[in-house]
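Asker: Show me how the following folds:
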Amino acid sequence: AAADLLAQAEHDLVASAIMPTPSRALAEATQAEVARQLEALERAEVAAQSIEGRGGIVVVPDLDAAFALANDYAPEHLCLLLQEPWQHVGKVRNAGGIFLGERSFEVLGDYVAGPSHIMPTGGTARYASPVNVDDFRKVISLVGLNEAALQRIGPAAARLADAEGLTAHAAAVRARLGGP
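Answerer: Presented below is the predicted three-dimensional model:
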């Protein structure tokens with residue numbers, strides 16, 4: 001966990017590497033290991049300032065609280081360093097990428113494991129995805145209603161148009177519904 005925190009923190013001073021854990025003992029051991037590993041890093045000053053200013057280790061009441069924090073934070077990368085990470089994947093709603101277990105760490109994702117390295121940063125994983133093939137596709141929407149469908153949804157469209165003050169929109173709907 002310490003190596004993963006430092007791998008993120010060394011990017012720059014505003015990098016944010018956070019580790020929520022329900023274990024105070026793990027938090028303390030990881031903090032000590034971060035301090036030990038910092039001594040050998042070329043970018044130790046950057047990593048240390050990043051962790052101090054925008055990251056750190058947070059002791060939470062339980063794993064559910066850890067996942068709640070992660071989902072609120074919406075990280076670019078989320079490493080599930082758990083005994084059975086697959087059992088917890090469904091708890092993640094917001095993350096650019098999820099890395100499952102000790103052997104599937106984020107650095108491999110950056111360089112060789114295969115996912116997009118263009119990830120949503122700064123909490124944008126709440127509404128955005130990593131760049132993927134769909135970003136390079138052009139999509140055209142198609143709408144084709146029959147008479148029954150028009151009669152079913154047309155009145156709602158006319159009411160919405162009226163509410164927006166778009167009388168020509170409302171008139172176009174009503175003309176097809178057979179009304180004034």
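
Asker: Surely residue 58 forms part of a strand?
Answerer: Yes. With DSSP: H, G, I helix; E, B strand; the rest coil as the criterion, residue 58 is located in a strand.

Asker: and it, how many residues sit next to it?
Answerer: The local packing of residue 58 (other C-beta atoms under 10 Å) involves 14 other residues. Heads up, the C-betas are built off the backbone N, CA and C, glycines and all.

Asker: Can you give me the separation between residue 10 and residue 41?
Answerer: As judged by C-beta to C-beta, to the nearest Å, residue 10 and residue 41 stand 7 Å apart.

Asker: of the two, who's got more company?
Answerer: A direct count of neighbours by other C-beta under 10 Å for residue 10 and residue 41 places residue 10 higher, at 20 against 15.

Asker: re the thing from before, return every residue with contacts to both of residue 10 and residue 41.
Answerer: Here residue 10 and residue 41 have residue 47 as joint contacts, going by C-beta atoms under 8 Å, 6 or more residues apart in numbering.

Asker: now for the longest helix seen in the chain, which elements pack on it?
Answerer: Looking across the chain with DSSP state H, the single longest helix is helix 147-164. Helix 147-164 sits against helix 167-177, with contacts defined as 3 or more C-beta pairs under 8 Å, 6 or more residues apart in numbering; DSSP states H and E.

Asker: Give the buried residues for the helix it packs on.
Answerer: Buried residues in helix 167-177, counted by 16 or more other C-beta atoms under 10 Å: 170, 173-174.

Asker: I'd like the residues you listed written out as a markdown table, with pLDDT added.
Answerer: Below are those laid out as a markdown table (pLDDT from 0 to 100):
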| residue | pLDDT |
| --- | --- |
| 170 | 97 |
| 173 | 97 |
| 174 | 97 |
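
Asker: and the longest helix of the chain, which residues are buried?
Answerer: Within helix 147-164, the residues that count as buried by 16+ other C-beta under 10 Å are 154, 157-158, 161.

Asker: repeat for stretch 111-126
Answerer: For stretch 111-126, by 16+ other C-beta under 10 Å, it's 115, 119-120, 125.

Asker: and these as JSON lines, adding distance to residue 21, secondary structure and pLDDT?
Answerer: Putting those into JSON lines (distance: C-beta to C-beta, whole Å; DSSP: H, G, I helix; E, B strand; the rest coil; pLDDT from 0 to 100) gives the following:
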{"residue": "115", "distance to residue 21": "24", "secondary structure": "coil", "pLDDT": "82"}
{"residue": "119", "distance to residue 21": "23", "secondary structure": "coil", "pLDDT": "87"}
{"residue": "120", "distance to residue 21": "24", "secondary structure": "coil", "pLDDT": "88"}
{"residue": "125", "distance to residue 21": "21", "secondary structure": "helix", "pLDDT": "91"}
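
Asker: For the protein, name the helix or strand with the lowest mean pLDDT.
Answerer: Of all helical and strand segments in the chain, the minimum by mean pLDDT, DSSP states H and E falls on helix 106-111, at a mean of 90.
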